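K.L.:
pasting a predicted model and its sequence here:
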Amino acid sequence: MAKIIAFANQKGGVGKTTSTINLAASLAATERNVLVIDLDPQGNATMASGVDKYALKNSIYDLLVEDNSIEDVLIQNTAGKYDLVGANGDLTAAEIKLMDSFAREMKLKNALEPVKDIYDFILIDCPPSLNLLTINAMAASNSVIIPMQCEYFALEGLTALLDTINKLTSVLNSNLVIEGLLRTMFDPRNKLANEVSQQLKSHFGSKVFRTIIPRNVRLAESPSHGLPAIFYDKYSNGAKAYLALAGELLRKYDSLDQTVING
Ligand code: ADP
Ligand code: MG
């Protein structure tokens, strides 16, 4: 059954989309079957996967609001070698329309049900807010990855995010856990970045991914070519970092499986 992971942080520009599509491509490169859900009306994950958001026949909007089936809205084998449910500006209206619908927080979870056994991983790129779309993502997920920049205000928003996750676990999804905090756009020469990174580690311990994503120009350039970084410049430090993150995640799941097998 698929591991479903939401990439969430209500701050914009922290690397949610970059992390979603580059981890997806890295997991796909290890022969995992991966689905990316673009849940942001900006459609950045869609464009960065080489899919024109303005030309989408069906999108996440049709899945959430029009009750189309997931098979109807899926785009197979994008430039990153993963499947995609795309998003565009239509999704802005979805939040309002969803407000009146039955089980509005569970729309995405229910919609993913038919494909849960097809994929190894389903990665959900959330919008930069703690709105109903993000709630839908978290209600559907097994875990949350929180990408964050190691800067002064980074920790400020984290409390609100952790509160939301806590509330969700008590009301909608008791299985939801924090997969990890991911340090993104990291510059090791920056003193403050190192300090914040240390703070994160002392507060959150093993919940902080060991892999650090460096600031890397290839990661910033590749979306405009409609490619994840491993297909744009596989030797770049950015591409290597996301491959390392995939390795870290897979090793964790493998060792968890072993624990289960060994009782
Ligand atoms: P979010 O989805 O959280 O808004 P993005 O992933 O879109 O954040 O990243 C914000 C901007 O920073 C984008 O222009 C992206 O290309 C760039 N970016 C993200 N991660 C890196 C990185 N590690 N190095 C350099 N640029 C990055
Ligand atoms: Mg984004």
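P.N.:
In hand now; what should we look at? Ligands and ions are numbered 1, 2, ... in the order given.
K.L.:
which residue packs closest to residue 194, ignoring adjacent ones?
P.N.:
Distances taken as Cβ to Cβ, 6 or more residues apart in numbering place residue 188 nearest to residue 194, at 6.9 Å, with adjacent residues excluded. Any C-beta I mention is one placed from the backbone N, CA and C, and that applies to glycine too.
K.L.:
how about residue 132?
P.N.:
Nearest residue to residue 132 in three dimensions, chain neighbours excluded: residue 95, at 5.2 Å (Cβ to Cβ, 6+ apart).
K.L.:
who does the residue in the stretch 51-200 of the chain positioned nearest to ligand 2 bridge with?
P.N.:
Nearest residue of the stretch 51-200 of the chain to ligand 2, counting by Cβ to the ion: residue 125, 6.0 Å away. Here residue 125 shows beta-bridge partners residue 7, residue 38, assigned using DSSP bridges.
K.L.:
so what's it up against?
P.N.:
Residue 125 sits next to 7, 16-17, 20-21, 36-40, 44-45 when contact means Cβ atoms under 8 Å, 6 or more residues apart in numbering.
K.L.:
keep only those of those residues that are also close to ligand 1.
P.N.:
Near ligand 1, judged by Cβ under 6 Å from any ligand atom, the entries from the contacts of residue 125 are 16-17, 44.
K.L.:
next step: those restricted to helices.
P.N.:
Counted as lying in helices by DSSP state H, out of the ones next to ligand 1 among the contacts of residue 125, are 16-17, 44.
K.L.:
related to what we said a few turns ago, which phi and psi values does the residue nearest to residue 194 adopt?
P.N.:
Dihedral pair for residue 188: phi -60, psi -10, per degrees, to the nearest 10.
K.L.:
how about stretch 239-247 as PDB, C-alpha atoms only?
P.N.:
Only the C-alpha atoms of stretch 239-247 are listed here, as PDB (Å, rounded to 0.1, in the frame of the first residue of the first chain):
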ATOM      1  CA  ALA A 239      19.900  16.500  -7.600                       C
ATOM      2  CA  LYS A 240      22.300  14.500  -5.400                       C
ATOM      3  CA  ALA A 241      20.800  15.800  -2.200                       C
ATOM      4  CA  TYR A 242      17.300  14.700  -3.200                       C
ATOM      5  CA  LEU A 243      18.600  11.300  -4.200                       C
ATOM      6  CA  ALA A 244      20.200  11.100  -0.700                       C
ATOM      7  CA  LEU A 245      16.800  12.100   0.800                       C
ATOM      8  CA  ALA A 246      15.100   9.300  -1.100                       C
ATOM      9  CA  GLY A 247      17.700   6.900   0.200                       C
END
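K.L.:
still on that earlier bit, could I get the ones next to ligand 1 among the contacts of residue 125 in JSON lines, plus columns for pLDDT?
P.N.:
Shown next, in JSON lines, are the ones next to ligand 1 among the contacts of residue 125 (pLDDT from 0 to 100):
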{"residue": "16", "pLDDT": "98"}
{"residue": "17", "pLDDT": "98"}
{"residue": "44", "pLDDT": "98"}
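K.L.:
and which of those is nearest residue 139?
P.N.:
Nearest to residue 139 out of the ones next to ligand 1 among the contacts of residue 125 is residue 16 (Cβ to Cβ; 17.7 Å).
K.L.:
skip the chain neighbours and tell me the closest residue to the closest one.
P.N.:
Per Cβ to Cβ, 6+ apart, closest to residue 16 is residue 7, 4.5 Å.
K.L.:
can you give the distance of the helix or strand hosting residue 164 from its chain's centre?
P.N.:
Using DSSP states H and E, residue 164 maps to helix 154-171. The chain centroid and the centroid of helix 154-171 are separated by 16 Å under Cα atoms, centre = their mean, to the nearest Å.
K.L.:
which parts of the following helix or strand past it are buried?
P.N.:
Downstream of helix 154-171, the first helix or strand assigned by DSSP H and E is strand 177-184. Of the residues in strand 177-184, 178-184 count as buried by neighbour count, 16 or more other Cβ atoms under 10 Å.
K.L.:
correct me, but residue 137 touches residue 8?
P.N.:
Yes. Using Cβ atoms under 8 Å, residue 137 is in contact with residue 8, at 6.7 Å.
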